[in-house]
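> Give me a model of this one.
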Amino acid sequence: MGLYENVKEAAKLKGYSINKLEQELGFARSYIGKFKTITPSADKIQKIADFLDVSSEYLLTGKEKENEGYYLNEETAKLAQEMFEDEDMRSLFDMKRNMPPERFKAHMEFMKNLYNQEKGSN
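Down below sits the predicted model:
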């Protein structure tokens, strides 16, 4: 498969049509369709890859790089995979990244207190 097909497949897996993807990324209508005959800039490929949460390597070749020992240990890899598969964990991680530290801390304290209350009532 070529670049266009790989983008289309990655978009489909994330619930996007090519038209919707172009809208979300601010691309002109039918821009991605041109990938059948042209190769866009590396910046555009990376923008699509980041949005679809895949590597630019995947978009270009249809394959991810082999695991090159990115994670320090197996437990870290397992936690990362669990977070990737669990929408609530991803949401919590996104809040941590995007929220002021003091606000996130307040949210965490609230959740801890709620958890402890529920745990104590069982």
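> can we go C-alpha only for contacts and neighbour counts from here?
Noted.
> And Gly33, how close does it get to Arg97?
Shown here: Gly33 relative to Arg97, a distance of 34 Å by Cα to Cα, to the nearest Å.
> Kindly apply the preceding question to Ala10 instead.
Between Ala10 and Arg97 the computed distance is 25 Å (Cα to Cα).
> Over to Tyr16?
Per Cα to Cα, Tyr16 is found 25 Å from Arg97.
> The two: which has the busier surroundings?
Taking other Cα atoms under 10 Å, Tyr16 and Arg97 do not tie; Tyr16 has more neighbours (16 against 11).
> what's the longest helix in the protein?
helix 101-121 (DSSP state H).
> Quick one: mean pLDDT for that one?
In this model, helix 101-121 has a mean pLDDT of 91.
> Can you give me the buried ones in it?
Using 16 or more other Cα atoms under 10 Å as the test for burial, helix 101-121 gives Phe104.
> Walk me through the domains of this structure.
What automatic domain parsing lists as the domains of the chain is 3-61, 74-121.
> Select from those the stretch with the lowest mean pLDDT.
Lowest mean pLDDT within the domains of the chain: domain 74-121, a mean of 90.
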